[in-house]
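Participant: Structure of the sequence below:
(one chain, ligands or ions: 2)
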Amino acid sequence: MERVFIYDTTLRDGTQGEGISLSVEDKVKIAVRLDQLGVAYIEGGWPASNPKDMEFFLRAKEMKWKNAKIAAFGSTCRPGTKASEDSNLQSLVQSGAPVATIFGKTWDYHVTAALRTTLEENLRIIYDSVQYLKEAGLEVVFDAEHFFDGYKANPAYAKETVLKAEQAGADWIVLCDTNGGTLPQDILSITQEMAFYLRAPLGIHAHNDSDLAVANSIISVLGGARQVQGTMNGYGERSGNANLCSIIPNLQVKMNLECLPGENLKQLTEAAHYVAEIANVTLRNDMPFVGHSAFAHKGGMHVSALLKDPSTYEHMEPESVGNQRRVLVSELSGTSNLIYKAKELGLDINKQNKETKDIIESLKTLEHQGYQFEGAEASFELLLRRAFGEEQVPFVLDSIRLLIEKRSDGDFTSEAMIKLRVDDQVIHTAAEGNGPVNAVDNALRKALSEHYSFLKDCHLADYKVRVIDEKDATAAKVRVLIETRDQQDAWSTVGVSTNIIEASWQALLDSFRYGLLKQEKAKGAKEAESTEEASKKGEAVI
Ligand SMILES: CC(=O)SCCNC(=O)CCNC(=O)[C@H](O)C(C)(C)COP(=O)(O)OP(=O)(O)OC[C@H]1O[C@@H](n2cnc3c(N)ncnc32)[C@H](O)[C@@H]1OP(=O)(O)O
Ligand SMILES: CC(=O)C(=O)O
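Facilitator: Numbering: from 1, shown residues only. Ligands and ions are numbered 1, 2, ... in the order given. As a prediction, the model looks like this:
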C-alpha cells in the first residue's frame, strides 16, 4: 500500500480557530494521542510566537514519540535580514524539533503588498531560510503560502519561489490554498503541473472557506501530493482547515493509501472525540465518519434494507473508523426500526407480533403529540418494555404540591412537597430547589433514597425545554428532555405537556424508572455470571 504522510497542525493552525485555545498540558495530551493514532508529523506550534509554544517543544524534546516527528513552525526570515540572524528561524533550531516548517510568499501580489519587498528579495529570503535550517540539520517543510492564488496570478514567479526552496534543500514543498477559495479542478491541474516541475515530494495544505478543503486535499493526492496537512475535526482559522478525520478514512479505505499504521484507523472516532474534549468544543453529531450520527439510521425504509445488508445504506463499515451503527426510533420508523432496537435490548419481536404493531402505533401517536424518542432512548426502551408487560411500579404517587415564592427582597424560592407510597409505606417529604423542577427532583430523591440506593450515584446532567406549538405562546405545549448520569452511563428521557412541571415530572419519572431498570439488568447479569462460574467449577470437579 502506498503511503501518504499525515501532517497534523491541530496544535498550530487549529489553535488559530476562533474559540480554540490550548494550554501546554492540553497540547502535550493531544500530541500523545495523535502519536498513538499514528500520524507522521505533529506541528506543535510557532516557538517564536509565544512562550507557551516554546515550552511545548522543550517538553516534547524530552519525550519518546512512537510514530510522529515533531515539527516547529515559523516563517522565512524578514526582508533585509540574514537568515542566520533572524530570531524566528533561530528559535526553530532552539526548539529541538527535528522538523522545521516555514511558510514563504509565492504570490507576487502578497510579496509587494503584505511583505512590502521586491520579488527578488523574497526569492533570496526563501533560499537563505531553507538553507539555514538545512545546515542546522533539520528536515525542512516549505509551506508555499497562497500557492494556488499565486500560480493563477503569475505562474512563472510562483514556480520560481518553490524551485528556490527545492534548490536550498527543502525536503517537502507543500502547496497551500491559504485563502481556501480554489476549486478542486484547479487544485488537480496545478498539483499535477508542480509534480512534473519539481523533484521534491509535494504536500497539500487546504483551508475550508469554500467547504472544499477535504475534497481539495484528496484531489491533490490524486495529482501527486504525498503529504496532507490538516487538523483534527477541521479546526482552524475562519472556516477551518482540512479535516483529517474525513481525509484519512477516504484515502485509506477508498483509495487504498496508507495514512495510519496497522489497525489504527479504528482509533479515529475515539481520537476525534478526545481532541474535541480537550479543546472544549462539542463535536457536531453530523460530523462524517466520527460523529455520533455518522452511522445513525432513522427512515424506516433504510432500516428495513440495513437489516438485510448494511451496505445498502452505509458507504463503509462504521467499525473501520471505530464508530458504530445506530438505529433511531421516531414517527419515521417502520417495524424494522423496532425490530432492530428490540433485538439490541434482548426482546424477541418480529413483524407479525401484535405488540410490534401496537408499539409503532403508539410511537407515531406520541410523536404527533410532541414526544421525540430519537433523543430519549431510555423513554423509548420503557415504552417498548411496557408493551411487553414489563412495566415497573416502584411507587405510587399521591400528590405533589409546589410553593413558588417571589419575595420583596428579590429572592425567588421553590419548595416541593411530595406524598407517595412504596410497598404500602407512606412517605411524605419536602425539599427546596433553585427552581420548581429542581425542587421536585430533590423531593423525589429524598422520598425514595432510602428504598432505592442507586439514586445516590445519579444526577441530572442536562435539562432542555423546547416549545412545540409556538403560535400558542404561553399556552403552548413544551417538550422536556432530561439527561441523567451515573458513574458509568448517561440516559435521556422525555416528557410533554402544556404544563412545564408536568412535562418535567414525566421525564424525571422515566429517568428514575430507567435507572431502576439499569440496576436490575446489572443485577441479572451478575447473577448469570456467578451461575456460569459455579457451573464451570462444577464441571472441573467432575
Ligand atoms: C498562513 C498562516 O497561517 S501563517 C501563520 C499565521 N499565524 C500567526 O500569525 C500566529 C502567530 N503569530 C505571532 O505570534 C506574531 O504575528 C509574530 C510573533 C509571529 C510576529 O509578530 P510581530 O513581529 O509583532 O509582527 P506582526 O504579527 O504585526 O506582523 C507580521 C510581520 O511578519 C511579516 N511576514 C509575513 N509573512 C512573512 C514571511 N513569510 N516571511 C517573513 N516575514 C513575514 C509581515 O510582513 C509583518 O511584517 P511588518 O511588521 O514589517 O509589516
Ligand atoms: C501555511 C499556512 O498555514 C497557510 O498557508 O494556510
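Participant: Output the set of residues of this structure in proximity to ligand 2.
Facilitator: Within the chain, the positions near ligand 2 by CB under 6 Å from any ligand atom are Asp13, Phe103, Asp143, Glu145, Cys176, Thr178, His205, His207. C-beta here means a position set from N, CA and C on the backbone, and glycine is covered the same way.
Participant: part of a helix, is the third one?
Facilitator: No: for Asp143, which was evaluated using DSSP: H, G, I helix; E, B strand; the rest coil, the result is strand, with no helix membership.
Participant: Return the set of residues that bridge with it.
Facilitator: Listed by DSSP bridges, the beta-bridge partners for Asp143 are Phe103, Val174.
Participant: I'd like the distance between Phe57 and ligand 2.
Facilitator: Noted for Phe57: a distance of 18 Å to ligand 2, by CB to the nearest ligand atom, to the nearest Å.
Participant: ugh, wrong one, I meant Arg325
Facilitator: To ligand 2, Arg325 is 36 Å away according to CB to the nearest ligand atom.
Participant: cool, Pro184 as well?
Facilitator: Taken as CB to the nearest ligand atom, the spacing of Pro184 relative to ligand 2 amounts to 17 Å.
Participant: residues in contact with that residue?
Facilitator: Leu212, Ala215, Asn216, Ile219 (CB atoms under 8 Å, 6 or more residues apart in numbering).
Participant: Please report the distance of the closest residue to it other than its chain neighbours from Ile187.
Facilitator: In this structure, Pro184 finds its nearest non-sequential neighbour in Ile219, 4.6 Å apart by CB to CB, 6 or more residues apart in numbering. Computed as CB to CB, to the nearest Å, the Ile219 to Ile187 distance reads 5 Å.
Participant: who's in contact with Gly74?
Facilitator: Neighbouring residues of Gly74 by CB under 8 Å, 6+ apart: Trp46, Pro47, Ala48, Asn88, Leu89, Ser91, Leu92, Ala100, Thr101, Ile102.
Participant: which residues does it bridge with?
Facilitator: For Gly74, the beta-bridge assignment (DSSP bridges) gives partners Ile102.
Participant: Show me what counts as buried in stretch 214-233.
Facilitator: Neighbour-count burial for stretch 214-233, counted by 16 or more other CB atoms under 10 Å, picks out 214-221, 223-233.
Participant: what's the answer for stretch 492-510, then?
Facilitator: By neighbour count on 16+ other CB under 10 Å, the buried set for stretch 492-510 is 492-497, 500-501, 503-510.
Participant: what's the distance between it and the middle of its chain?
Facilitator: 29 Å (CA atoms, centre = their mean, to the nearest Å).
Participant: Who are the contact partners of the residue nearest to Pro184?
Facilitator: Neighbouring residues of Ile219 by CB under 8 Å, 6+ apart: Pro184, Ile187, Leu188, Thr191.
Participant: same check, this time on Gln372
Facilitator: Ser330, Arg479, Leu481, Val494.
Participant: Of those residues, which are in range of ligand 1?
Facilitator: Among these, no residue sits close to ligand 1 (CB under 6 Å from any ligand atom).
Participant: By neighbours, which of the residues you listed wins?
Facilitator: The most crowded member of those, judged by other CB atoms under 10 Å, is Val494 (26 neighbours).
Participant: What helix or strand is that residue located in?
Facilitator: Secondary structure assigned from DSSP states H and E places Val494 in strand 490-497.
Participant: What residues sit buried inside the strand or helix carrying Ile30?
Facilitator: Using DSSP H and E, Ile30 maps to helix 24-37. Counting neighbours by 16+ other CB under 10 Å, one finds that the buried residues in helix 24-37 are 24, 26-37.
Participant: who does it touch, helix- and strand-wise?
Facilitator: strand 41-45, helix 51-61, helix 268-279 (3 or more CB pairs under 8 Å, 6 or more residues apart in numbering; DSSP states H and E).
Participant: Spell out which parts of this structure neighbour ligand 1.
Facilitator: Applying CB under 6 Å from any ligand atom, we find that the chain lies next to ligand 1 at 16, 46, 48-49, 75-76, 78, 103-105, 114-115, 145, 178.
Participant: run the last query once more with 8 Å
Facilitator: Residues of the chain found near ligand 1 (CB under 8 Å from any ligand atom) are 12-13, 16, 46, 48-50, 73-79, 88, 102-105, 114-116, 125, 129, 143, 145, 176, 178, 237.
Participant: now the angle from the longest helix anywhere in the chain to strand 490-497?
Facilitator: Ranked by residue count under DSSP state H, the longest helix found in the chain is helix 500-541. Angle of helix 500-541 versus strand 490-497, following axes from the mean of the first three to the mean of the last three CA atoms, to 10 degrees, is 150 degrees.
Participant: quick one: helix 500-541 to chain centroid distance?
Facilitator: 30 Å.
Participant: And it, what does it pack against?
Facilitator: Looks like helix 500-541 contacts helix 377-387, helix 436-448, strand 459-467, strand 478-485, strand 490-497 (3+ CB pairs under 8 Å, 6+ apart).
Participant: Cross the buried residues of stretch 214-233 against strands and list the overlap.
Facilitator: Counting by DSSP state E, the part of these found in strands is Gln227, Val228, Gln229, Gly230.
Participant: Between those residues, which sits nearest ligand 2?
Facilitator: Nearest to ligand 2 among these is Gln229, at 7.8 Å by CB to the nearest ligand atom.
Participant: contacting residues for the closest residue to ligand 1 within the stretch 351-500 of the chain?
Facilitator: For the stretch 351-500 of the chain and ligand 1, the shortest gap (CB to the nearest ligand atom) falls at Asp462, measuring 35.8 Å. Contacts for Asp462 (CB under 8 Å, 6+ apart) come out as Leu481, Ile482, Glu483.
Participant: So what pairs up with it in the strands?
Facilitator: Asp462 has the following beta-bridge partners by DSSP bridges: Glu483.
Participant: which one of the contacts of Ile219 is nearest Pro155?
Facilitator: Proximity to Pro155 was ranked across the contacts of Ile219 by CB to CB; first place goes to Thr191, at 13.4 Å.
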